[in-house]
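[1] Model the following, please.
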Amino acid sequence: MPLRINSIRKIFNDGNHNAFTDLCRFQDRYYLTFRSCPDGHMIFATSKILVMASHDGQDWEEVHAFSVPKRDVRDPHFLIFQGKLMVYSSTWWVDTTEAKELDVNDHLGFCAWSEDGNTWHGPRMLDGTHGYYIWRAATHDGIAYLNGRRIRDFEVVPGRAEPAEYMESWLLHSPDGFTWAPLGLIQPSLGDETALLFEEDGSLLAVARTAGRPAQLCRAQPPYTEWSRADLDSLLGGPLLAKWGDRYLVGGRKRNGNAPAVTALYELIDDRLQEIAELPSGGDNSYPGFVALSATEGLLSYYSSHEGSGTGLAPSAIYLARLSLDEV
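    Residues are numbered from 1 along each chain as shown. Now for the predicted structure:
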């Protein structure tokens, strides 16, 4: 993929730790969402989700913000479903000052939504998501889908000492975007953040982070209850998977050995990742969002603290890159 990075702009930096982005186009505007927290990357009830809008991808304004009392909100993702722009967020219960008392079984999904991008509703608790850490969403044939990871059999492990091998990654489905149920087991072990992409033939493709190991490429045919998995050759934190024209764009946090982590872009070719770009980034970074402007032009959001704290503490900024493909 002959990719060019035409520009990169820092579009939001209020001194907080700003992170975990997503992008979409809804009706006549572009939308950007991310988490903002004065206390940093980790789990704090001071966190909130911001939603910004732009007519041209250049000038942005905040159109909504939400938080959930006594919960950490994070990892917001968009879904356009049944005429609504939905923003999904996973949350931790944090009515405690003891991190060791946090329980993965207290995860709970919430969403905010709008029919016009101006008037917003919620946040509303998502029935069926208690115990699941929800992540990216997708829709196909009138059904909404979410990635959700959970501990096997909702086992209670004291002191958050659950082994990574106990973590499962599930595909959840919903007829209305609010009430969810598990459908298929994407990863039976080492489950983590998973990006979903429906193909034209109805098959489902996913790029899944795998705790401490190379990412996996996962596939399922309808009804999405049986999954195949193949290891990729890169670690990917906060993976992105998007179709751009007839190409597959993958992004995420790259870490090679002891080298600093950076945000990288790849093309998925024949079940292999070919690196095509490394974005200015460092410290705490990645979690890109993407929207195609055309078959050869696109916008990519991501966050990084390389011009801020250089760590998971505030400040961390949101960046927007304009990308293009050279036609060959």
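
[2] Name the secondary structure element that contains the closest residue to residue 39 other than its chain neighbours.
    Nearest residue to residue 39 in three dimensions, chain neighbours excluded: residue 46, at 5.3 Å (C-beta to C-beta, 6 or more residues apart in numbering). C-betas here are computed from N, CA, C, even on glycine. For residue 46, there is no enclosing helix or strand under DSSP states H and E.

[3] For residue 46, grab the count of nearby residues.
    Residues lying near residue 46 (other C-beta atoms under 10 Å) number 13.

[4] you'd agree it is up against residue 35?
    No - counting by C-beta atoms under 8 Å, residue 46 stays clear of residue 35, with 10.8 Å between them.

[5] picking that back up, what separation do you get for the residue nearest to residue 39 and residue 314?
    11 Å (C-beta to C-beta, to the nearest Å).

[6] and for these two, which residues touch both?
    With contacts defined as C-beta atoms under 8 Å, 6 or more residues apart in numbering, the residues shared by residue 46 and residue 314 are 37, 38, 39.

[7] Need the buried ones from those selected in PyMOL.
    This is how PyMOL selects the buried members of the shared contacts of residue 46 and residue 314, with burial counted by 16 or more other C-beta atoms under 10 Å:
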select buried, resi 37
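
[8] Include distance to residue 175, pLDDT and secondary structure when you put the shared contacts of residue 46 and residue 314 into TSV, please.
    Compiled in TSV, the shared contacts of residue 46 and residue 314 are given as follows (distance: C-beta to C-beta, whole Å; pLDDT from 0 to 100; DSSP: H, G, I helix; E, B strand; the rest coil):
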residue	distance to residue 175	pLDDT	secondary structure
37	33	98	strand
38	38	97	coil
39	37	96	coil
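
[9] Of the shared contacts of residue 46 and residue 314, just say which sits nearest to residue 122.
    Within these, distances to residue 122 taken as C-beta to C-beta reach their minimum at residue 37, with 19.2 Å.

[10] Residue 93 versus the closest residue to that closest one other than its chain neighbours, what's the distance?
    For residue 37, ignoring the flanking residues on the chain, the nearest one in space by C-beta to C-beta, 6+ apart is residue 47 at 3.9 Å. Going from residue 47 to residue 93 by C-beta to C-beta gives 13 Å.

[11] So the two - more neighbours on which side?
    Between residue 47 and residue 93, residue 47 has the larger neighbour count (other C-beta under 10 Å), namely 28 against 18.

[12] any weak-confidence spans in the chain?
    1, 96-101, 327-328 (pLDDT under 70).

[13] contacting residues around residue 64?
    Counting by C-beta under 8 Å, 6+ apart, residue 64 has contacts 50, 51, 87, 112, 114, 120.

[14] quick one: which of these is most hemmed in?
    residue 87 leads those on contacts (other C-beta under 10 Å) with 26 neighbours.

[15] So it: helix, strand or coil?
    Here residue 87 takes the strand state, with states given by DSSP: H, G, I helix; E, B strand; the rest coil.

[16] List the beta-bridge partners for it.
    residue 78, residue 112 (DSSP bridges).

[17] ok, it - contacts?
    Listed by C-beta under 8 Å, 6+ apart, the contact partners of residue 87 are 33, 49, 51, 64, 76, 77, 78, 111, 112, 113.

[18] cool, and residue 7?
    Counted by C-beta under 8 Å, 6+ apart, residue 7 has contacts 321, 322.

[19] again, only this time at 6 Å
    residue 322 (C-beta atoms under 6 Å, 6 or more residues apart in numbering).

[20] Please apply the same query to residue 29.
    Here residue 29 is in contact with 53, 55, 117 (criterion: C-beta under 6 Å, 6+ apart).

[21] before we move on, what about residue 21?
    Applying C-beta under 6 Å, 6+ apart, the residues near residue 21 are 34, 287, 289, 301, 302, 303.

[22] same thing with residue 289?
    Counted by C-beta under 6 Å, 6+ apart, residue 289 has contacts 21, 22, 23, 301.

[23] For residue 128, see how far away it is.
    25 Å.

[24] circling back to that earlier point, now, which of the contacts of residue 29 sits nearest residue 296?
    The nearest one, if we look at those relative to residue 296 and count by C-beta to C-beta, is residue 55, at 21.1 Å.

[25] Excluding chain neighbours, what is closest to the closest one?
    residue 29 is the one closest to residue 55 (C-beta to C-beta, 6+ apart), at 5.6 Å.

[26] beta partners of the one you found?
    With DSSP bridges as the rule, residue 29 is bridged to residue 26.

[27] how much space between it and residue 239?
    26 Å.

[28] If you rank the contacts of residue 29 by neighbours, which is first?
    Result: residue 53 is most packed of the contacts of residue 29 (other C-beta under 10 Å), 20 neighbours.
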